[in-house]
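Asks: Okay, structure incoming, though there's no sequence with it:
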């Protein structure tokens, strides 16, 4: 059955790979699964056809036969459960890898996303400039804790897993601001993720999609 | 093997059941699994012994034999995978129930938690009062979308699942502010969750734990 995901018709980041379709593309590449991408415009995203797939009017969605999923965490977990390479076989190690997926999405991504709120959503508010350092401090606090836990390990718990895929994807969003670079341990961890051939294929595909240019062969 | 979870020595909400141990207690009650609770003080939470279990210095954690987990989403998923009653048998329905777990944690809880930031963490800042209505509007927007999707169904996708357990737990955090009550469909949905015997046992147990009084028999 064909797997079809949705992505921004043109990503707001212009192809930096920070939209949530990139992490799903990455998981599909790690799993060796071909997929198709249906672009959704900002206006179509709020229309009933898309809201039927994604009640919050966002991307990505995942369609395969009569199954429709949304939420990048749920989609990546679904891919990881059905194909090899993203979750360990050992039951306890598997549960810990899933823990890191939730940790990435619930404990690390929310403070990072506040950067978007303070800079753009509330960028015209009188408090925006004064509030920014508070947000940056909260991100630093969380990345500091994560950096301590990672230590000198290559990945968060043994071999690379869907937990690392999600954590690297989330940390990439703290890279343009320079905050990630303040944590060399995490910057090196993210670089290891970016160096994976599956990530590189996913990144090239979203870049071609967002710039209208075919990937270099 | 004994299951041990951690909880605040005394919850900041004084027993309203909004701390994240309540949702784990609820899942364990739905699954019919006995458990023990180890209290953690605010200072102990930031010490190495606890950080070894939970790198971000939070509760709850879950210990069972040599397995340690954190993140309420990961813990509840672990319980749901190993015991009956929280995830459907049908593969597609199961994937959709997991989608609602992620949706609750990643799309619904974050705007609700911003209420805590604006009121308490930044309550002494000059922008706090002016910013509050923006936060409330974001919560209303998200709850409005969820309300439309739920419609007149009892649960989010067929029978009650871990997705509903998580969504009800998250929505409960929007109840004290009165925002939940603006959405009668969602308020009734949350009331259905609260009416479940397993929730009532979990709520009574956390109340007794947080007030030092044994539950009424």
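Replies: Yep, it's here. Since this is a predicted model, take the numbers as computed values, not measurements.

Asks: Skip the chain neighbours and tell me the closest residue to the residue in chain A that chain B sits nearest to.
Replies: Residue of chain A nearest chain B, by CB to the nearest CB: residue A:127 (3.4 Å). (Each C-beta comes from the backbone N, C-alpha and C, glycine too.) Nearest residue to residue A:127 in three dimensions, chain neighbours excluded: residue B:127, at 3.4 Å (CB to CB, 6 or more residues apart in numbering or on different chains).

Asks: Can you name every helix or strand that the lengthiest helix in chain A contacts?
Replies: For chain A, the longest helix by residue count, based on DSSP state H, is helix A:128-150. On a contact count with 3 or more CB pairs under 8 Å, 6 or more residues apart in numbering or on different chains; DSSP states H and E, helix A:128-150 meets helix A:109-116, helix A:184-194.

Asks: returning to what we had before: phi, psi of the residue nearest to residue A:127?
Replies: For residue B:127, the backbone dihedrals (degrees, to the nearest 10) come out as phi -90, psi -10.

Asks: Burial check on it, number of neighbours?
Replies: 17 (other CB atoms under 10 Å in any protein chain shown).

Asks: does it really touch residue A:131, like I thought?
Replies: Yes - using CB atoms under 8 Å, residue B:127 is in contact with residue A:131, at 6.8 Å.

Asks: coming back round to it: burial-wise, tell me which of the helices and strands packed on helix A:128-150 comes out on top.
Replies: Compared across the helices and strands packed on helix A:128-150, helix A:109-116 shows the largest average neighbour count, a mean of 19 (mean count of other CB atoms under 10 Å in any protein chain shown).

Asks: tell me what that helix is packed against?
Replies: Counting contacts by 3+ CB pairs under 8 Å, 6+ apart, helix A:109-116 is packed against helix A:128-150, helix A:162-171, helix B:109-116.

Asks: Please identify the deepest-packed of those.
Replies: Mean neighbour count (mean count of other CB under 10 Å) peaks for helix A:162-171 among the helices and strands packed on helix A:109-116, with a mean of 26.

Asks: what's the offset of that helix from the middle of its chain?
Replies: Computed by CA atoms, centre = their mean, to the nearest Å, the chain-centroid distance of helix A:162-171 equals 7 Å.

Asks: and it, does that touch chain B?
Replies: No - using CB under 8 Å from any CB of the partner chain, helix A:162-171 stays clear of chain B, with a minimum separation of 9.4 Å.

Asks: tell me the contacts of residue A:163?
Replies: A:96, A:97, A:98, A:99, A:100, A:101, A:103, A:104, A:156, A:157 (CB atoms under 8 Å, 6 or more residues apart in numbering or on different chains).

Asks: Try it again at 10 Å.
Replies: Applying CB atoms under 10 Å, 6 or more residues apart in numbering or on different chains to residue A:163 gives the contacts A:76, A:80, A:86-88, A:94, A:96-104, A:155-157, B:74.

Asks: What are the contacting residues of stretch A:127-141?
Replies: Applying CB under 10 Å, 6+ apart, the contact partners of stretch A:127-141 are A:108, A:110-123, A:125, A:147, A:173-174, A:177-180, A:182-183, B:56-57, B:117, B:121-122, B:125-128, B:130-131.

Asks: mind running it again at 7 Å?
Replies: A:111, A:112, A:114, A:115, A:118, A:122, A:174, A:179, A:182, B:127, B:131 (CB atoms under 7 Å, 6 or more residues apart in numbering or on different chains).

Asks: Starting from residue A:194, give me the distance back to residue A:188.
Replies: Here residue A:188 is placed at a distance of 11 Å from residue A:194 (CB to CB, to the nearest Å).

Asks: who in chain A is up against chain B?
Replies: A:55-56, A:67, A:69-71, A:73-74, A:77-78, A:92, A:95-96, A:98-99, A:102-103, A:105-107, A:110, A:127, A:131, A:142, A:145-146, A:148-149 (CB under 7 Å from any CB of the partner chain).

Asks: So which of those residues sit within helices?
Replies: Using DSSP H, the residues of chain A next to chain B in helices are A:73-74, A:77-78, A:92, A:95-96, A:98-99, A:102-103, A:110, A:131, A:142, A:145-146, A:148-149.

Asks: now residue A:126, nearest residue through space, not along the chain?
Replies: Counting by CB to CB, 6+ apart, the nearest residue to residue A:126 once its immediate chain neighbours are dropped is residue B:127, at 7.2 Å.

Asks: Could you do residue A:35 as well?
Replies: residue A:3 (4.2 Å).

Asks: quick one: contacts for that neighbour?
Replies: Here residue A:3 is in contact with A:28, A:33, A:35, A:62, A:64 (CB under 7 Å, 6+ apart).

Asks: With residue A:96 instead?
Replies: Shown in contact with residue A:96 (CB under 7 Å, 6+ apart): A:157, B:69.

Asks: pLDDT at it, what is it?
Replies: Model confidence at residue A:96, expressed as pLDDT, equals 98.

Asks: Same question for the one 3 residues further on.
Replies: Per-residue confidence (pLDDT) for residue A:99: 98.

Asks: Could you do residue A:1 as well?
Replies: As predicted, residue A:1 sits at a pLDDT of 88.

Asks: Would you mind measuring from it to residue A:64?
Replies: 5 Å.

Asks: just residue A:104 next, same as before
Replies: Applying CB to CB to residue A:104 and residue A:64 gives a distance of 24 Å.

Asks: helix/strand/coil for the closest residue to residue A:164 other than its chain neighbours?
Replies: Excluding its sequence neighbours, the residue lying closest to residue A:164 (CB to CB, 6+ apart) is residue A:155, at 4.8 Å. On the three-state scheme (DSSP: H, G, I helix; E, B strand; the rest coil), residue A:155 is labelled coil.

Asks: For chain A, which residues score under the pLDDT cut-off?
Replies: For chain A, applying pLDDT under 70 flags the ranges A:215-217.

Asks: Give me the outermost residue of it relative to its centroid.
Replies: In chain A, the residue that sits farthest from the middle, by CA atoms, centre = their mean, is residue A:126; the gap is 30.9 Å.

Asks: Give me the contacts around the helix or strand where residue A:209 lies.
Replies: Assigned by DSSP states H and E, residue A:209 falls within helix A:197-211. The contact list for helix A:197-211, computed with CB under 7 Å, 6+ apart, reads A:7, A:10-11, A:14-15, A:17, A:21-22, A:25-26, A:29-30, A:37, A:193, A:214-215.
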